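# using only what follows, build the 3D model:
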Amino acid sequence: MLLRNKKILLRMGVLVIFCLISLNYIIIQGIALGSTASSANLLDCENPFISKEIALLFQDNFEDGISENWELESGWEIKSEKDNYVLSGSGHRWACPHVSGWTDYTIKADIKIIRGGLHFNIRYNTGEVSSRYFLGIRQSALYLSKQIGEDFFDLIELSKSLNLKKWNKFKISVEGNNIKVYINNTLKINYNDDDIAIRTGGFAFETLDKSRVDIDNINVTGVKLVQKVKWVKTGGPIGGLGYDIRIHPQDKRIMFVTDNPSGVNKSYDGGNTWVQRNEGITVRSGSSGDGIPIFSLSIDHNNPNIVWAGTQGMKGIFKSTDGGETWTKKDNGIEEWNEISIRNFGIHPQNSDIVFAGTEISTGILGKEFDKAKGKIYKTEDGGENWHCVWKGDSLARFIIFDQTNPNIIYASTGIFDSEAYNNTGVGILKSTDGGNTWKQINNGITNLFVGFLEMHPRNPRILSAAAGMNASSSRGGIYRTINGGEDWKQVLSGYVFTVVTFSPSNPDIIYAGSSGAFYRSEDGGDTWKKFTKSNGNYGPPGIRAGVPISAVVDPDDPMTIFVNNYGGGAFKSTDGARTWEVSSKGYTGADLFRICIESGNSDIVYTIGRTGPFRSFSGGQGWTGLQFGPANEAEWNTIAMNPSNPKEIIIADEHTGHIYKSRDGGNKWIIVFEPDKNIGDVLNRHGFKAIAYAPSSPNIIYAGMRKGRRSIDGDLSPGPSFGMYKSTDGGNTWKEINSGLDTPLININCIAVHPINSDIVYIGTWRDGVYKTTNGGENWEPVNGGLVSLDVRSLAIDTKNPEVVYAGMAEGAGIFKTTNGGEYWEGINSGIQVECPSFLQRVGQVKPGVSLTKTKRLTGKDYYSIPWTNIKSIVIDPINSEIIYAADYSLGVYMSTDGGISWNTINDGLSTKAVNSMAISANGKILYAATSGEGVFRLDLGESKIGSSKFNQKTENNKINSLLDQLREKHEKGEDKN
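This next block holds a predicted model:
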């Protein structure tokens, strides 16, 4: 195998990386690297949830002449050929069907090469980092290659003569790590990929430069796993990366909010409820490739049926002509790819074909805290068919605003609170007087050039207000106002990093301004302001820290009603002029959750915690209440734990400051029970308790493990040591450090598992140092890593029926390991687990000759964990039958085993995002919850639900599943499952 692209990404500049799957392990296990059980053997074990069938997965002969099943780049079309229709492509362009996630399948297609060549892509996966196999088809050659991220590998090449302008029948079969290629019923390639085989993915066609190809009669068959009950999305709690919020100019009941990763969300009732409207938006992001990374959205006031939407962190401009119901990609001419974010659109007030797009261009260079960005302004004059750049500079471009009375005058703001400028100082506000052809800075009076929000007075275009500030800047921000079209500016509000400012359309003397700590209202055009904040120093609904207000809009008829969208997720509404707030996000969530737990006596009472804080549900997830009261007011959170004997006793921990909080009333009141004596909290030295575990046999004993902040672990900031393990013996009121034996360079704790009977026996999983065990309550720790091939341990679970059995979930491509002797030796149990690891993460000595280990760019966290590798974040064991195990992969969803981990099957039906961080199972083993990164909480009813709501009841199937589970449990109790 030859490496054809030497742009190798190396995590955080560390040269030696722990081996993700070692050669010795492969020999011991007797399997090829990354191999899984073939589809024929997937269901040999008894599984009450899954059946298997061979099915037609996709078919298209194009006879209807339409392309609704495809995303076709310019150059591809469905055209008539005599009395037939075919898919025809020319130039270096892509044709992608709306499919993904297949495992083993056979695809047939008739292909005619008219000139040049074609890449026939199989197991094709998109996202921030893509992967695929591709069959190169040319007149004189046939070759099979592979791509993972930026690495391209030649697998096999054959000399082959194909007749130009003649139809040839191609068939490609992929099963496990084997790929077979047939041409006109003759086998041409039979290849086993024993080096990080790509296990899933769809297909696509890619015509090459100066090529023209026709394709017809596509047919895909394969194994289809049918899950008998499905996950149900609870719709909460709130969270995500909110961005824009808009009100329809003619019907205020219609509103839009954008959120990454939930995409475009539309309301038909004035923001009371929301539904996702992403049909036609084809880009995906995130670790599982399920996120919809829509950032910006603007409504054309000339014709409100036209709506524009732009993506974050990848190329993508989408246009709707039916009021945001469906979308078409319109980004021809945008030069960037994954480094671009579309920040805003400015639409000509008299010509809907003229649109400007403000963009951020990531440089991959880390500043004091954030990425140092450049920016561009793109322009289209034909309704989005073609775009060209009209400005580029050293800070991102956000708002673009036309003078409604003279469209040749355009304003643009640059910068935002969480992005540093490439030139360090910022660019400020720009103005064009020739329709956007040329631009000049107009910053007289502005002292902070990171202007994240700009709005024009609704009746006087010479009056504009700007909100400025950037978190990593030494100078604070402010609200600025001009009354002469930007000739000079006056600061009218100071002291904070301000992120929004907006006028009331019906009474422009009423202006609102917002920061992460407070909201302000002026009733005299900005001369004086009233400040509104909660007692804990933030704004937002009770129990919720709202995050950073990033977009705001005032009701067109009521100046006291304002809507706000937030970084951190969630839309909020105030009807009393920003004095008090309520959640206005029902129907969507982009919540990034890290931990979930269930009350043992009532599986409808659920607690979860994520970036936006702790939440509680009394209704099995149908409704959620925020729990950030009193001192529990941090910006980022890590974990939550519940006393198994007293479920009203809750402990939570934040990510940045190392605090532990305790509640004795289910989260309504909190006290700080631990404050570190370390100097931590600044951006490069943030630490928090990632794992907290009560001892089941003695709940007064609690163990807690600290870890560096998420950005350090994910690779966005430099790695380094944390502060290890702590213990409380009085229910969390006092704590002591217990690090004897943890003589490791990093001492970052990911997870903790306490013995169910002996509170002195504890296992901890660390980041890059493996598993440690204590048998004396933490007085001393010893490594127990025999048999492990990776030392990045993300999850641990002890079999309560046989505590010598422990399961470990690994990151970075190693899968799941099991010990049956208390950690003396571990064995991989990955039959059915899709084990993947990019080649550039293997240890020195295993990398192919000629591969450069030079770091080519800063690898950000969102890129790092979007690479398709195995990362087992959570393992839970059925409390009745410990042979039934559930494991969550951060990229591939939830696996289930009914035989103690001997074999695994995915159970992802209904799980619209497969990026699962944490799971919890009810005491009777009949309800499973999953906390995801991007869509909040999901619920799977393994038996009959107690909830009355029909959306959680699947009684017929649940009763069947319940019966089968009971049969499995009965067999387990009798010992029959051992035969």
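# break this structure into its domains for me.
With automatic domain parsing as the criterion, the domains of the chain are listed as 50-227, 242-250+258-583, 593-841+868-951.
# end-to-end on the first one?
By that I understand domain 50-227. Across its full length, domain 50-227 reaches 5 Å between end residues, using C-alpha to C-alpha, to the nearest Å.
# ok now it, how far from the chain's centre?
28 Å (C-alpha atoms, centre = their mean, to the nearest Å).
# and the second one, by the same measure?
Taking C-alpha atoms, centre = their mean, one finds domain 242-250+258-583 lying 22 Å from the centre of the chain it belongs to.
# repeat that for stretch 778-795.
For stretch 778-795, the gap between its own C-alpha mean and the chain's C-alpha mean amounts to 28 Å (C-alpha atoms, centre = their mean).
# that stretch: which residues count as buried?
Neighbour-count burial for stretch 778-795, counted by 16 or more other C-beta atoms under 10 Å, picks out 778, 781, 783-785, 787-795. Heads up, the C-betas are built off the backbone N, CA and C, glycines and all.
# coming back round to it: now the domains of the chain in JSON lines, with distance to residue 236 and mean pLDDT?
Written out in JSON lines, the entries for these read as follows (distance: least, C-beta to C-beta, whole Å; pLDDT from 0 to 100):
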{"stretch": "domain 50-227", "distance to residue 236": "23", "mean pLDDT": "91"}
{"stretch": "domain 242-250+258-583", "distance to residue 236": "9", "mean pLDDT": "97"}
{"stretch": "domain 593-841+868-951", "distance to residue 236": "4", "mean pLDDT": "93"}
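# between the ones you listed, which gets nearest to residue 234?
Closest of the domains of the chain to residue 234 is domain 593-841+868-951, at 3.1 Å (criterion: C-beta to C-beta).
# quick one: the helices in this structure, in order.
Taking DSSP state H to define them, one finds helices in the chain at 23-29, 710-714, 861-864, 955-974.
# flag every buried residue along stretch 818-833.
Along stretch 818-833, the positions that meet the burial threshold by neighbour count (16+ other C-beta under 10 Å) are 818-819, 822-823, 826-833.
# can I get the CA coordinates of it in PDB?
Only the C-alpha atoms of stretch 818-833 are listed here, as PDB (Å, rounded to 0.1, in the frame of the first residue of the first chain):
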ATOM      1  CA  LYS A 818     -13.200  -7.600  29.400                       C
ATOM      2  CA  THR A 819     -11.500  -9.000  32.500                       C
ATOM      3  CA  THR A 820     -12.800 -12.000  34.400                       C
ATOM      4  CA  ASN A 821     -10.200 -11.900  37.100                       C
ATOM      5  CA  GLY A 822     -10.400  -8.400  38.500                       C
ATOM      6  CA  GLY A 823      -8.100  -6.700  36.100                       C
ATOM      7  CA  GLU A 824      -5.200  -9.200  36.100                       C
ATOM      8  CA  TYR A 825      -5.700  -9.600  32.300                       C
ATOM      9  CA  TRP A 826      -8.000  -8.100  29.700                       C
ATOM     10  CA  GLU A 827      -9.200  -9.500  26.400                       C
ATOM     11  CA  GLY A 828     -10.700  -7.700  23.500                       C
ATOM     12  CA  ILE A 829     -14.400  -8.600  22.900                       C
ATOM     13  CA  ASN A 830     -15.100  -6.800  19.600                       C
ATOM     14  CA  SER A 831     -17.000  -9.300  17.500                       C
ATOM     15  CA  GLY A 832     -19.600  -7.100  15.800                       C
ATOM     16  CA  ILE A 833     -18.000  -3.800  17.000                       C
END
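# now the farthest one out in this structure, which residue is it?
When each C-alpha in the chain is compared with the mean C-alpha position (C-alpha atoms, centre = their mean), residue 82 comes out farthest, at 46.5 Å.
# for that residue, phi and psi?
Phi and psi for residue 82, reported as degrees, to the nearest 10, are phi 60, psi -120.
# state the distance from it to residue 62.
Residue 82 sits at a distance of 13 Å from residue 62 (criterion: C-beta to C-beta, to the nearest Å).
# now, which of the buried residues of stretch 778-795 sits nearest residue 250?
The shortest separation between residue 250 and any of the buried residues of stretch 778-795 is 50.5 Å, and it belongs to residue 794 (by C-beta to C-beta).
# my read: that closest one touches residue 765, true?
Yes. With contact defined as C-beta atoms under 8 Å, residue 794 reaches residue 765; the gap is 6.6 Å.
# shared neighbours of the two, which are they?
Taking C-beta atoms under 8 Å, 6 or more residues apart in numbering as the contact rule, residue 794 and residue 765 both touch 750-751.
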